[in-house]
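Undergrad: would you be able to build a 3D model of this:
(one chain, ligands or ions: 2)
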Amino acid sequence: MTSPSFFQGWRAGLLWFPDPQMPQAQHEQDGLLVTAREADGIVRIQAIGPYRDLAPQFPDLPVTHWPGLCIAPGFVDLHIHYPQTDVIGSPAEGLLPWLEHYTFPHEKQFSEPAYAHEVTAFFMDELMRHGVTTALCFATAHPESVDVFMAEAQKRQLRMVTGKVLQDRHSPDGLRDTDTALSLRQTEDLIRRWHGVDRLGYAITPRFAPTSSPEQLHGAGEIAHQFPDVWIQSHVAENLDEIRWVSELFPEARSYLDVYDRAGLLRQRSVYAHCIYLDDTDRRRMAEVGATAAVSPTSNLFLGSGFFDYTASDAAGLRYGLASDVGGGTSFSPFHTMHAAYTVARQNVGRPGISLAPEHLWWQHTAGAAAALDLGGKVGNLLPGCEADFVVLNPRATPLLARRTTQTETLAEWLFAMIVLGDERLIAHTVVQGQRVNIGR
Ligand code: GUN
Ligand code: ZN
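TA: Ligands and ions are numbered 1, 2, ... in the order given. Sure, this is the predicted structure:
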C-alpha cells in the first residue's frame, strides 16, 4: 500500500473495542494506528494493529512514537451542561432548590454572547484536558448560547451536539421562554442553521417536564417528527420531589417518562438523563423505541438524587452510557465518573451489589456511549472508519499511578487502577481530527 503524505502513523500502546457492541477491550502493547484525511475532509482511522505487522504495509509513513503511553478512544459524555461550568460544587437540599438558588439565576447570564463565548471556550478546553472529545450538551434557553457553542466547536473541528433549552413555565424572568411559539421557531431555525454542518448536531432540548407547558412539549414532539435524525435530550425520574410535581402537573400520564412519550419525544436518538426512578414498564418502553439513559453518578451522589439501577436496566434491555452532568455532576473527568458508576453499582440499593467490569465502565464512556447516540462507527472507538479523535494515556502520570499500574497482571486490573486513581493527569495528549490539541502539557 502506498502512503500519501496525508497518511499519519501513531505508535504507542493501543486500547480499543474490536466488537463495538461488546464491552470487551483489546490491548496491544506496541501498536500502530494509521489515520488519513479522506475526500470529505474528515480524518479517519485507516488501520489498527500490532506495530510489527502493520508498519511494513506503510513504508513511508510519518510516525509519531509515544513509548510507554497508550492510545485510547476519546471519551463521549452523554449529558453535560456547558453553562453550568461555574455552578459545580453548589450545595443544596436536592435538585429543585439547587435549580432555583444556583442554576437558574446563573443561566440567565447566557443571553450575553460575549459571556457565553468565554464560558464555551473554557468549557471546551476543559473537555480536551480531560480527554472528552464528543459531548451531548445542554445550552440555555437563549438561542445565542447555541450559536456561540456551535461556532466554537466548528472552529475546533469537534463532533458536538447541543440545543436551545425549552422552558416556558416555572422558570424565572430572563430564562423563561415568554412566547412558546417563538421558542419552537427558534428551535427549528437552529436546526436548519447547525444540524449536520461539519461534525455538529442539534438536540431538541426540553429542560424537563415541570418547566415546559404541554403545548411546548407537544410542539417539540412535532419538530422531532419533522426532523427524524436530530437528537432529543431531557431529564427524567431524577428526584422524588420532582416526580411528585410531575404527577401533579400531568395527572393523565402513566409515569414521568410517559409525559415525554405522549408528546412524541421518546424514540431512537433521544437521551434522558438520570432514569433513576423508572419502573419496568418505562425501562422496557425505552428499550423498545431505542431511547438511551445517560447515567450521571457524580451528579446523583452530589445532589442526593438516588442510584441508577443497572440490574433492572440490563434485564429490560435499556441502553445506557455515562455522563458527567456538570454542574450537578462534580467533575469533567471520565475517570471520576467511571469510578462513581462502579461505586453506585456496588451499592445496588435493595439488591446484592454488583461489580461492573472495568472494560464495561470504559465502554459505557466510549464505544457504548457512541452507540447509544447512534454514532457508533464514528466516535468512541479506534476501528477503521472511525473519526480520528483519541486520547493518549500516561499510566505513570503520578507516583501512585506509576507504582500501582506497574504491579497489575491483567488488563482488567490495569484499567481498574486507572479508573480508581485517575484524573486529567492521565491524559498526556488529546488528538482531534488527527491534530494534537494544546492541553497545556
Ligand atoms: N432537571 C432540570 N434541569 C436540570 C439540570 O440542569 N440539572 C439536573 N441535574 N437536573 C435537571
Ligand atoms: Zn443535566
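
Undergrad: going forward, measure contacts between C-alpha atoms and count neighbours the same way
TA: Will do.

Undergrad: in the stretch 301-441 of the chain, what residue is nearest ligand 1?
TA: With Cα to the nearest ligand atom, the shortest gap between the stretch 301-441 of the chain and ligand 1 falls at G328, namely 4.9 Å.

Undergrad: wait, that residue sits on I88?
TA: Yes: G328 is within contact range of I88, at 6.4 Å (criterion: Cα atoms under 8 Å).

Undergrad: comparing the two, which shows the higher neighbour count?
TA: Ranked by neighbour count (other Cα atoms under 10 Å), G328 and I88 place G328 first, with 28 against 19.

Undergrad: find the nearest non-adjacent residue to the more buried one, please.
TA: Nearest non-adjacent residue to G328, counting by Cα to Cα, 6 or more residues apart in numbering: S299, 4.7 Å away.

Undergrad: repeat that for V289.
TA: Excluding the flanking residues, the one nearest V289 by Cα to Cα, 6+ apart is R267, at 5.0 Å.

Undergrad: quick check: bridge partners of the spatially most central residue of the chain?
TA: Residue closest to the average C-alpha location in the chain (Cα atoms, centre = their mean): D77, at 1.6 Å. Per DSSP bridges, the residues bridged to D77 are A135.

Undergrad: check contacts around it.
TA: Counting by Cα atoms under 8 Å, 6 or more residues apart in numbering, D77 makes contact with 132, 134-136, 322-324, 365, 369.

Undergrad: now do 7 Å
TA: Shown in contact with D77 (Cα atoms under 7 Å, 6 or more residues apart in numbering): 132, 134-136, 322-324, 365.

Undergrad: can you add pLDDT and give the residues you listed back as TSV?
TA: Formatted as TSV, the contacts of D77 follow (pLDDT from 0 to 100):
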residue	pLDDT
V132	99
T134	99
A135	99
L136	99
L322	98
A323	99
S324	99
H365	98
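
Undergrad: highest neighbour count among the residues you listed?
TA: So for these (other Cα under 10 Å), the most neighbours sit at A323, 32 neighbours.

Undergrad: is it in contact with A294, as I believe?
TA: Yes: using Cα atoms under 7 Å, A323 makes contact with A294 at a distance of 5.7 Å.

Undergrad: any residues in contact with both of those two?
TA: Both A323 and A294 are contacted by 78-79, under the criterion Cα under 7 Å, 6+ apart.

Undergrad: any stretches of this structure with poor pLDDT?
TA: 1-5 (pLDDT under 70).

Undergrad: go again using 50 as the cut-off
TA: 1-4 (pLDDT under 50).

Undergrad: what packs against the helix ranked longest in it?
TA: The longest helix of the chain (DSSP state H) is helix 113-129. If you count contacts as 3 or more Cα pairs under 7 Å, 6 or more residues apart in numbering; DSSP states H and E, helix 113-129 packs onto helix 143-155.

Undergrad: quick one: residues contacting D282.
TA: D282 is in contact with L257, counting by Cα under 7 Å, 6+ apart.

Undergrad: recalculate using a threshold of 8 Å.
TA: D282 touches 255, 257-258, counting by Cα under 8 Å, 6+ apart.

Undergrad: shouldn't the residue nearest to G328 be within a strand?
TA: No: under DSSP: H, G, I helix; E, B strand; the rest coil, S299 falls outside any strand and is assigned helix.

Undergrad: phi, psi of the closest residue in space to A372 that isn't next to it in sequence?
TA: Counting by Cα to Cα, 6+ apart, A372 lies nearest to T292, which is 5.9 Å off, once chain neighbours are set aside. The phi/psi pair for T292 (degrees, to the nearest 10) reads phi -130, psi 140.

Undergrad: what of the one 4 residues further on?
TA: The phi and psi values for S296, taken as degrees, to the nearest 10, are phi -130, psi 70.

Undergrad: now T187: how far from G196?
TA: 15 Å (Cα to Cα, to the nearest Å).

Undergrad: ok, back up a step: output the longest helix of the chain in CSV with nothing but the alpha carbons.
TA: Presented in CSV, the C-alpha positions along helix 113-129 are these (Å, rounded to 0.1, in the frame of the first residue of the first chain):
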residue,chain,number,x,y,z
PRO,A,113,-23.0,36.2,23.7
ALA,A,114,-19.6,37.5,24.8
TYR,A,115,-20.1,35.9,28.2
ALA,A,116,-21.4,32.7,26.6
HIS,A,117,-18.3,32.7,24.4
GLU,A,118,-15.8,33.0,27.3
VAL,A,119,-17.5,30.1,29.1
THR,A,120,-17.7,27.9,26.0
ALA,A,121,-14.0,28.3,25.3
PHE,A,122,-13.1,27.4,28.8
PHE,A,123,-15.5,24.5,28.8
MET,A,124,-14.1,23.1,25.6
ASP,A,125,-10.6,23.5,26.8
GLU,A,126,-11.6,21.6,29.9
LEU,A,127,-13.2,18.8,27.9
MET,A,128,-10.0,18.4,26.0
ARG,A,129,-7.8,18.4,29.1
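
Undergrad: got the angle for that helix vs helix 143-155?
TA: 40 degrees (axes from the mean of the first three to the mean of the last three Cα atoms, to 10 degrees).

Undergrad: list the contacts of helix 113-129.
TA: With Cα under 8 Å, 6+ apart, helix 113-129 has contacts from 82-83, 85, 109-110, 133, 144-145, 148-149, 152-153, 332, 424, 427, 430, 437, 439.

Undergrad: before we move on, what about stretch 312-325?
TA: Stretch 312-325 is contacted from outside by 77-81, 280, 283-284, 286-287, 290-299, 330-334, 337-338, 364-365, 368-369, 372, using Cα under 8 Å, 6+ apart.

Undergrad: among those, which lie within helices?
TA: Residues of the contacts of stretch 312-325 located in helices (DSSP H): 280, 283-284, 286-287, 297-299, 334, 337-338, 364, 368-369, 372.

Undergrad: perfect, I'm done here.
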